[in-house]
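Chemist: Just a sequence and a predicted model for now, questions to come.
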Amino acid sequence: MEDNKVQVLIKSVLEAENITDGIVSIKNANVEIADGLMSQILRVSITKKSTNQQLNLLIKVAPTDAEFRKLVQLLYKSEIHFYDTIVPLFNQLQLKYTEKPFVLVPKFFKAVKEQCQEVIIMEDLASKGYKMLNRKYCFSEECMKIVLQEFGKFHALSFALQTENAKTWKELDNGVDQSEVFTGEVVKWFQDALQKAYTLFESSNISTSKKLKNLHDNFESVMKTLLKPSDKYPSVIVHMDPWCNNFLFKQSTDSEGVEDVILIDFQTATKASPVLDISCFLYINASVETMKNWLQMLRIYYDSLVTHGKALNCCVEEMYSWEMFMDDWKDYAKYGILKAVMGISLNTQDDEDVKTHDQNNVGASFYIDKWNLKTIERIKVLIEHAEAENLL
């Protein structure tokens with residue numbers, strides 16, 4: 001993005017925040033390429049002369065790769081709608097029932113919707129101690145539980161809004177068919193990982209290998225079905241891409257534990273089954289040991305969903321009982337399996353084996369030449385679990 005356009009955007013934020021004496025510093029004069037993100041990132045610090053207070057901004061700029069223009073347009077449209085429309089509705093709903101709403105997303109300042117010029121400006125939380133975990137390592141059980149509880153809070157807002165104002169909920173549509181995200185080159189990324197998966201099982205379990213090959217061959221239609229809201233159970237606003245790099249954790253100052261977690265990159269936010277978020281998060285980020293307790297993990301999420309629904313004057317158990325959730329799981333957890341086959345293959349690679357993320361060829365970093373032993377171990381555990389639970 002041109003420097004003068006960046007300055008104009010920063011000036012508009014200063015005016016909105018009533019900062020008249022701000023000293024602006026673009027910490028990274030060159031655009032950073034975020035790990036795994038379809039965006040260019042600028043970090044900006046603004047220091048108020050009179051108080052020496054600092055405001056830190058993160059500016060996400062749409063990439064320039066012409067091949068992915070349609071996809072990028074869809075992603076930014078979804079995320080801007082989420083921050084512009086959904087977050088204010090959720091905050092308003094929370095304030096009706098609690099003085100201190102929970103915060104799961106960074107503060108949003110401004111967005112530019114103009115085609116080929118899409119920009120999102122939000123608070124940069126790095127200065128407050130938030131950071132991503134190392135993608136090469138699974139989440140600890142503590143982090144898994146904390147995130148699942150946060151997802152319970154997040155999804156409870158959708159149930160509460162449906163109870164509070166069914167008309168508003170019905171009209172809450174971003175106009176984006178998320179199945180369009182899973183077309184073209186994106187399909188090839190997933191098929192590349194699925195081909196490695198079915199090849200892995202060819203000699204040891206031909207039945208499993210055939211099921212994985214069927215998912216490979218029919219990936220686009222399978223994903224389209226999974227993204228359709230359930231006819232049986234309520235939908236919620238889902239993130240849909242909760243892999244490790246979409247979480248920012250803040251460590252406790254007085255212990256080694258986690259104080260807070262923030263979810264970022266709502267580029268695929270839409271109405272769908274809550275199972276999409278939970279299955280994707282669990283299967284991509286859980287360790288082999290945590291996977292042994294997968295039902296306990298689901299219970300942690302569900303208990304949080306019910307508890308925070310009650311806090312918002314909503315009886316989730318009547319709308320979506322535990323038995324309904326588990327039935328929904330059978331229909332939609334395949335989404336998490338499909339996402340995890342590629343997610344695990346990306347997360348477990350050594351840095352030197354991951355192709356450089358190039359803004360002029362954003363797809364290159366999603367292809368892995370060869371799985372290492374750590375990848376194979378986790379993929380085997382994932383697929384064996386999927387077979388045992390009849391999710392393939």
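Modeler: Perfect, I can see it now.
Chemist: quick one: furthest residue from the center of this structure?
Modeler: Residue farthest from the centre of the chain, counting by CA atoms, centre = their mean, is residue 50 at 38.2 Å.
Chemist: can you confirm it is in a helix?
Modeler: No. Secondary structure assignment (DSSP: H, G, I helix; E, B strand; the rest coil) places residue 50 in coil, not in a helix.
Chemist: got the phi/psi numbers for it?
Modeler: Note on residue 50: backbone dihedrals following degrees, to the nearest 10 are phi -70, psi -30.
Chemist: now the one 5 residues further on
Modeler: Backbone dihedrals for residue 55, given as degrees, to the nearest 10, come out at phi -120, psi 130.
Chemist: Grab the nearest non-local neighbour of it.
Modeler: Leaving aside its sequence neighbours, residue 55 sits nearest to residue 46 (CB to CB, 6 or more residues apart in numbering; 4.4 Å). Glycine gets a C-beta too; all of them are placed from N, C-alpha and C.
Chemist: State the mean pLDDT of the helix or strand encompassing the one you found.
Modeler: Here residue 46 sits within strand 40-48, counting by DSSP states H and E. On average, the pLDDT along strand 40-48 is 88.
Chemist: Now the top helix by length along the chain: buried residues?
Modeler: Across the chain, the longest stretch assigned as helix under DSSP state H is helix 141-164. Of all the residues in helix 141-164, those buried under the rule 16 or more other CB atoms under 10 Å are 143-164.
Chemist: How far away from the center of its chain is the helix or strand following that helix?
Modeler: Sequence order places helix 166-171 as the next helix or strand after helix 141-164, per DSSP H and E. Counting by CA atoms, centre = their mean, to the nearest Å, helix 166-171 is centred 24 Å from the centre of its parent chain.
Chemist: Does anything pack onto helix 166-171? Which helices or strands?
Modeler: Under the contact criterion of 3 or more CB pairs under 8 Å, 6 or more residues apart in numbering; DSSP states H and E, helix 166-171 touches helix 141-164.
Chemist: pull the CA atoms of the helix it packs on into PDB?
Modeler: Extracted in PDB, the C-alpha atoms of helix 141-164 (Å, rounded to 0.1, in the frame of the first residue of the first chain):
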ATOM      1  CA  GLU A 141      -4.200 -29.200  27.900                       C
ATOM      2  CA  GLU A 142      -4.600 -25.900  29.800                       C
ATOM      3  CA  CYS A 143      -4.700 -23.900  26.600                       C
ATOM      4  CA  MET A 144      -7.100 -26.300  25.000                       C
ATOM      5  CA  LYS A 145      -9.500 -26.000  27.900                       C
ATOM      6  CA  ILE A 146      -9.300 -22.200  28.000                       C
ATOM      7  CA  VAL A 147     -10.000 -21.900  24.300                       C
ATOM      8  CA  LEU A 148     -12.900 -24.300  24.400                       C
ATOM      9  CA  GLN A 149     -14.400 -22.300  27.300                       C
ATOM     10  CA  GLU A 150     -14.000 -19.100  25.200                       C
ATOM     11  CA  PHE A 151     -15.700 -20.700  22.300                       C
ATOM     12  CA  GLY A 152     -18.600 -21.600  24.600                       C
ATOM     13  CA  LYS A 153     -18.900 -17.900  25.500                       C
ATOM     14  CA  PHE A 154     -18.600 -16.900  21.800                       C
ATOM     15  CA  HIS A 155     -21.200 -19.400  20.500                       C
ATOM     16  CA  ALA A 156     -23.600 -18.600  23.500                       C
ATOM     17  CA  LEU A 157     -23.900 -15.100  22.000                       C
ATOM     18  CA  SER A 158     -25.500 -16.500  18.900                       C
ATOM     19  CA  PHE A 159     -28.000 -18.600  20.800                       C
ATOM     20  CA  ALA A 160     -28.900 -15.600  23.000                       C
ATOM     21  CA  LEU A 161     -29.400 -13.300  20.000                       C
ATOM     22  CA  GLN A 162     -31.700 -15.900  18.400                       C
ATOM     23  CA  THR A 163     -33.700 -15.900  21.600                       C
ATOM     24  CA  GLU A 164     -33.600 -12.200  22.100                       C
END
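Chemist: and whichever strand or helix holds residue 280, what does it pack onto?
Modeler: According to DSSP H and E, residue 280 maps onto helix 275-285. Applying 3+ CB pairs under 8 Å, 6+ apart, one finds that helix 275-285 contacts helix 141-164, helix 294-311, helix 322-332, helix 334-347.
Chemist: and residue 232, which of those is closest to it?
Modeler: Closest to residue 232 of the helices and strands packed on helix 275-285, according to CB to CB: helix 322-332, at 7.4 Å.
Chemist: can you pull the buried residues of the closest one?
Modeler: Buried positions in helix 322-332, judged by neighbour count with 16+ other CB under 10 Å: 325, 328-329, 331-332.
Chemist: What's the mean pLDDT across that helix?
Modeler: Mean pLDDT, helix 322-332: 98.
Chemist: For it, enumerate the helices and strands it packs against.
Modeler: So helix 322-332, by 3+ CB pairs under 8 Å, 6+ apart, packs with helix 275-285, helix 294-311.
Chemist: which of these sits most buried?
Modeler: Ranked by mean neighbour count, those are led by helix 275-285 with a mean of 26 (mean count of other CB atoms under 10 Å).
Chemist: and that helix with helix 334-347, angle?
Modeler: 30 degrees (axes from the mean of the first three to the mean of the last three CA atoms, to 10 degrees).
Chemist: Now do helix 275-285: everything it contacts.
Modeler: With contacts defined as CB atoms under 8 Å, 6 or more residues apart in numbering, helix 275-285 is touched by 138-139, 144, 147-148, 151, 155, 226-227, 238-244, 291, 294, 297-298, 301, 325, 328-329, 331-337, 339-340, 343-344, 347, 382.
Chemist: coming back round to it: wait, the residue farthest from the centre of the chain touches residue 23, no?
Modeler: No. Between residue 50 and residue 23 there is no contact under CB atoms under 8 Å: 11.0 Å.
Chemist: any idea where the strands of the chain begin and end?
Modeler: 22-26, 32-33, 40-48, 54-61, 108-112, 119-123, 130-131, 236-238, 247-251, 258-263, 270-272 (DSSP state E).
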